[in-house]
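Novice: Attaching a predicted model along with its sequence, questions to come.
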Amino acid sequence: MMLEQLKEIIMEYVEVEADDITLESRFIEDLQFNSYDFMSFLGELEEKFDVMVDEEEVMKLQTVGDAIAYLEKLQGK
C-alpha cells in the first residue's frame, strides 16, 4: 500500500513513529518537515514511484493523503 511506502520514506527525514503518520498528517505542522527536507523527500518520491512532480503542484500538498492522491494521479490510477 502506498501509505506504508510513504511512512518508510517520511521516517528517513523526520523523527516520528509510523503509527503517528496518518492520511491527515500535515508535513510541516504535524511531521515537522522543513523546506529542505520536504524537497529532498519529493525527489525521493520521484525516484521511488517513477514520476515527475510539478513544483507548483507539490507546493499545494499539505497532508500525507494529498501526496498519495497526487502520486496516484501521476501514475494514472
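Specialist: Now that the structure is in, tell me what you want to look at.
Novice: helices or strands up against the lowest-mean-pLDDT helix or strand in the chain?
Specialist: The weakest-scoring helix or strand in the chain, judged by mean pLDDT, DSSP states H and E, is helix 55-58 (a mean of 89). For helix 55-58, there is no helix or strand it packs on, judged by 3 or more C-beta pairs under 8 Å, 6 or more residues apart in numbering; DSSP states H and E. Every C-beta, even on glycine, is put in place using the N, C-alpha and C of the backbone.
Novice: Just the mean pLDDT for the helix or strand just after it, thanks.
Specialist: For helix 55-58, the following helix or strand on the C-terminal side (DSSP states H and E) is helix 64-74. Here helix 64-74 scores 96 as its mean pLDDT.
Novice: still on that earlier bit, can I get the least confident helix or strand of the chain in CSV? Just the C-alpha atoms.
Specialist: Below are the C-alpha coordinates for helix 55-58, written out as CSV (Å, rounded to 0.1, in the frame of the first residue of the first chain):
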residue,chain,number,x,y,z
GLU,A,55,7.0,22.1,-8.4
GLU,A,56,3.9,24.4,-8.4
GLU,A,57,1.6,21.5,-7.8
VAL,A,58,3.6,19.9,-4.9
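Novice: mind listing what's buried in that helix?
Specialist: residue 58 (16 or more other C-beta atoms under 10 Å).
Novice: Could you list the residues in contact with that helix?
Specialist: Contact with helix 55-58 is made by 42, 70, as judged by C-beta atoms under 8 Å, 6 or more residues apart in numbering.
Novice: quick check, distance from that helix to the centre of its chain.
Specialist: Helix 55-58 has its C-alpha centroid displaced from the chain centroid by 12 Å (C-alpha atoms, centre = their mean, to the nearest Å).
Novice: now swap in stretch 36-49 and tell me
Specialist: So, by C-alpha atoms, centre = their mean, the centroid of stretch 36-49 is 8 Å from its chain's centroid.
Novice: model confidence over it, on average?
Specialist: 93.
Novice: Which parts of that stretch count as buried, going by neighbours?
Specialist: 37-38, 41-42, 45, 49.
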